[in-house]
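> fold the stuff below for me.
(one chain, ligands or ions: 1)
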Amino acid sequence: MSELQQPRVLIIGAGMSGLLMGIRLLQSGNTNFRIFEKGPKVGGTWRDNTYPNLACDVFAVAYTFSFEPNPDWNYRFARGDEIQKYFERCERKYGLSSFIRFSSAVADARWEDGRWKLRTADGEEDEGDVLVSAAGALHHPRYPEIPGLGDFAGPCFHTARWDHTVDLRGKRVGVIGTGSTASQVVPGIVDKVERVHLFQRTPQWVMPTPDQKVSQAERARRHRNPWLLRLQHRLGLFFMQVFSRAVLGNRLLLRYIEAQCRANLAAIRDPELRRKLTPDYPPACKRLVISEDFAAAIQRENAELVTDSIARIEPGGVRTADGRLVELDVLVLATGFEPYKLDFKVTGTGGRNLASRMEGSPLTYRTVGVPGFPNFFMLFGPYSPIANMSIIENSEIQVEYVMQCVDLLRRGVLRSMSPREDVSIALKEAMRLAVRDTVWAGGCNSWYLDADGQPIVYPFRFSQFRRELASPVLSEFDTA
Ligand code: N01
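Model prediction:
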């Protein structure tokens, strides 16, 4: 590659992170890239999830790219459709459309002769110097393994595949699962349906953070004063960083969160319902549910919390272990996702298969790389900072890091860089030790855990994450 030639970058996915990667490449003057998106439009999570009452429980002012603040959010916690529109606007504004291959699912990519060779399911081929997976962490719906699931006579769908052709008015609806999704769905449908039965396997801690509509006057103020919006963005991120100290083990903050959650429970009038909704693990061990309206919704006359375990699904409804048939017209699966699952094959050096690095207990390098996979980067892969914070800020840090690596290639400093296996193993060991002090290791079951039951979440402060990814440390790579 000559000094002035731009490395070709192949990006998988046009969700938030893939768009960001494309925007930053364009801003750096690199037009030598392509984004492969298996869906018909951008947006990822916000395109796929359209269930009633969908919103982001991160402050809207902080849920934007730092360089593209949005003065027009309608609520303190943005609704799903306005977030989707925001990303579509970014696609247009930054001129990304012609770089995206829509409805083009990547089938496989392999490292061969110092380049990435990619093939889509349609048989299209491309070649690049760098491969970036921006395929999303929570992208593949998890369908529960409940006997008889396929026998249900009425409509049955996962929340991430909401069937809008089904009219819920006057229907008896069952919702399986009690995570962040179900806690939004139930208040979102309770007014419409005849009855909603929420099937709970494990109670969740719910923190009631008040939402509110943003007034016309406030939106106008944000338009007039870009500095105000920037300040609010910074404050939103700061709030989340304080919050993230709680999950890392700050007792004072955890006590505050627990007090808020317990006050929410104390407002449940029926003591039996309150008891059933009370978790027996520390708050935020599973992802904390942020909801102002769940408690009120589950106390409605036409709502029922079912805590008997599900024995099987029958054509007419859900049969619980005590023999009761909960008769239903519609069944909604709010059963979460298969985290970090990839539906394309990536082959690194020596025939290494990325899936075998990711399955069980993933081995990654500083959240973005994988040993044995040169010039390959993951955005929001395993061990990325999660919990209740803006993943956009996380992606911006990861993308800036990848941009620096692309620049090393552009300047001819190296042709390839692959994280060293020994370094990756040592870093993983350090994370495993540190994660013991976090709330995620508090004895609950959650999607944060790997096959060994270990949280695969970044266990250090966000400031450390920022430092770690400030610039690539070449001694930690095998380079060529
Ligand atoms: O999924 P989850 P989610 N029988 O995995 C239950 C983000 N998010 O879609 O706890 C019965 O949290 C399972 O039970 P248990 C956020 O990062 C953000 O709700 O395993 N139940 C659990 O109750 C979040 O963490 C926002 O015992 C079964 C539920 O299904 C992530 O997405 C909104 C079962 C799954 O909960 C995922 O949230 C929504 C079975 N066989 C989502 N299998 C906001 O920003 C599973 N369950 C607001």
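> are the helix or strand of the chain with the lowest mean pLDDT and the ligand in contact anywhere?
Here the helix or strand of the chain ranked lowest by mean pLDDT, DSSP states H and E is helix 226-247, holding a mean of 89. No. Helix 226-247 lies apart from the ligand when judged by CB under 6 Å from any ligand atom; the minimum separation is 12.2 Å. Placement of C-beta: from N, CA and C, glycine included.
> for the helix or strand hosting Val406, the averaged confidence score.
Element membership of Val406, judged by DSSP states H and E, is helix 391-410. Model confidence over helix 391-410, given as mean pLDDT, is 97.
> and the next element down the chain from that helix?
Toward the C-terminus, helix 391-410 is succeeded by strand 417-419 as the next helix or strand (DSSP H and E).
> would you indicate which residues of the helix or strand just after that next one are buried?
Heading C-terminal from strand 417-419, the first helix or strand you meet, by DSSP H and E, is helix 421-435. Buried residues in helix 421-435, defined by neighbour count with 16 or more other CB atoms under 10 Å: 423-424, 427-428, 431-432, 434-435.
> sorry, back to before: run the chain-centre distance for the helix holding Val406.
Put simply, helix 391-410 sits 19 Å off its chain's centre (CA atoms, centre = their mean, to the nearest Å).
> mind listing what's buried in that helix?
Per 16+ other CB under 10 Å, helix 391-410 contains these buried residues: 391-399, 401-403, 405-406, 408-410.
> before we move on, what about stretch 182-194?
Neighbour counts over stretch 182-194 (16+ other CB under 10 Å) mark 182-190, 193 as buried.
> quick one: which of the residues you listed is nearest to Leu342?
Distance to Leu342 across the buried residues of stretch 182-194 (CB to CB) is lowest for Ala182, with 26.0 Å.
> quick check: closest non-adjacent residue to the closest one.
Spatial nearest neighbour of Ala182, excluding adjacent residues (CB to CB, 6 or more residues apart in numbering): Ala334 at 3.7 Å.
> residues from this protein in reach of the ligand?
The chain has residues 55-57, 138, 144, 146, 176-182, 184, 201-202, 287, 310, 334-337, 445, 447 near the ligand, with proximity defined as CB under 6 Å from any ligand atom.
> list only buried entries from those.
55-57, 138, 146, 176-182, 184, 287, 310, 334-337, 447.
> follow-up on the earlier one: put together JSON lines for the buried residues of stretch 182-194, with pLDDT and distance to Tyr63 on each row.
Formatted as JSON lines, the buried residues of stretch 182-194 follow (pLDDT from 0 to 100; distance: CB to CB, whole Å):
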{"residue": "Ala182", "pLDDT": "98", "distance to Tyr63": "21"}
{"residue": "Ser183", "pLDDT": "98", "distance to Tyr63": "18"}
{"residue": "Gln184", "pLDDT": "98", "distance to Tyr63": "15"}
{"residue": "Val185", "pLDDT": "98", "distance to Tyr63": "20"}
{"residue": "Val186", "pLDDT": "98", "distance to Tyr63": "23"}
{"residue": "Pro187", "pLDDT": "98", "distance to Tyr63": "20"}
{"residue": "Gly188", "pLDDT": "98", "distance to Tyr63": "19"}
{"residue": "Ile189", "pLDDT": "98", "distance to Tyr63": "24"}
{"residue": "Val190", "pLDDT": "98", "distance to Tyr63": "26"}
{"residue": "Val193", "pLDDT": "98", "distance to Tyr63": "29"}
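> coming back round to it: for the least confident helix or strand of the chain, which outside residues touch it?
Identification of contacts with helix 226-247 by CB atoms under 8 Å, 6 or more residues apart in numbering yields 58-59, 61-64, 66, 69-71, 221-222, 253-254, 256-257, 284, 385, 387-390, 393, 438-440, 461-463.
> in the protein, which spans are helices?
In the chain, the segments counted as helices under DSSP state H are 16-27, 45-48, 80-93, 180-189, 216-224, 226-247, 251-266, 271-276, 294-298, 354-358, 391-410, 421-435, 462-468.
> how about low-confidence regions in the stretch 351-480 of the chain?
Low-confidence segments of the stretch 351-480 of the chain (pLDDT under 70): 388-389.
> mind doing that once more with 80?
Along the stretch 351-480 of the chain, the model assigns pLDDT under 80 to residues 387-390.
> so Gly136 sits right up against Trp46, yeah?
No. The criterion here is CB atoms under 8 Å, and Gly136 misses it with Trp46 at 10.6 Å.
> where do the contact lists of those two overlap?
Gly15.
> so can I have CSV of the helices of the chain showing distance to Glu327?
Converted to CSV, the helices of the chain look like this (distance: least, CB to CB, whole Å):
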stretch, distance to Glu327
helix 16-27, 40
helix 45-48, 30
helix 80-93, 30
helix 180-189, 17
helix 216-224, 46
helix 226-247, 40
helix 251-266, 29
helix 271-276, 21
helix 294-298, 19
helix 354-358, 41
helix 391-410, 40
helix 421-435, 44
helix 462-468, 48
